[in-house]
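S.K.: Quick one, structure for this:
(chains A and B)
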Number of protein chains: 2
Amino acid sequence: MKARVTVMLKNGVLDPQGEAIRHALGALGFAGVEGVRQGKVIELDLSATDKVAAETGVKAMCEKLLANTVIESYRVEIL
Amino acid sequence: MKARVTVMLKNGVLDPQGEAIRHALGALGFAGVEGVRQGKVIELDLSATDKVAAETGVKAMCEKLLANTVIESYRVEIL
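M.R.: Numbering: from 1, shown residues only, chains lettered A, B, ... in the order given. Purely as a prediction, here's the structure:
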């Protein structure tokens, strides 16, 4: 079973990487980009076969390791 | 209009960050994780209102800046 975790900085937390991308896109001539936020995506191959158990497990991984819940939010999708 | 770009290393390209996460999850006692790949997700706020034009623009951004197409693949979603 595959799981995808998306980790983004929470709204209000400064995102210098996103800002850098926005500036670079402007410099390359791409107009109309009003804001950019960059985050991480982590794809996991799991041996679990139960969808609910897999989701619970992945959420625990996010809380413990994958996301810094003080400044980041995460979303788990089981594929 | 919002767009989400997901950039992942292509299959076969070594992913040390993903490997580090896999090891760390094992060390924390999470069993059953067979593989981990880490990538980037970039969320763009666009002023464009036409979905097709927005997608074309974002694909051009990927080719020029957001992804290194030699080793990375990208996926564009217009939200």
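S.K.: Please name the bridge partners of A:Gly35.
M.R.: B:Asp45 (DSSP bridges).
S.K.: same deal with the one 4 residues further on?
M.R.: As for beta bridges, A:Gly39 partners with B:Val41 under DSSP bridges.
S.K.: Could you list which residues are in contact with it?
M.R.: By Cβ atoms under 8 Å, 6 or more residues apart in numbering or on different chains, the contact set of A:Gly39 is A:Thr6, A:Val7, A:Met8, A:Leu9, A:Glu72, B:Lys40, B:Val41, B:Ile42, B:Glu43. C-beta: built from backbone N, CA, C; applies to glycine.
S.K.: Repeat the analysis, applying 7 Å as the threshold.
M.R.: By Cβ atoms under 7 Å, 6 or more residues apart in numbering or on different chains, the residues touching A:Gly39 are A:Thr6, A:Val7, A:Met8, A:Leu9, B:Val41.
S.K.: ok, and the most crowded of those?
M.R.: For these, the largest neighbour count, defined by other Cβ atoms under 10 Å in any protein chain shown, is 22 neighbours, found at B:Val41.
S.K.: returning to what we had before: secondary structure added to the contacts of A:Gly39, as TSV?
M.R.: Listed next are the contacts of A:Gly39 as TSV, based on DSSP: H, G, I helix; E, B strand; the rest coil:
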residue	secondary structure
A:Thr6	strand
A:Val7	strand
A:Met8	strand
A:Leu9	strand
B:Val41	strand
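S.K.: Any chance of TSV for those residues, columns pLDDT and distance to B:Lys51?
M.R.: Compiled in TSV, those are given as follows (pLDDT from 0 to 100; distance: Cβ to Cβ, whole Å):
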residue	pLDDT	distance to B:Lys51
A:Thr6	97	22
A:Val7	98	27
A:Met8	97	23
A:Leu9	97	26
B:Val41	98	20
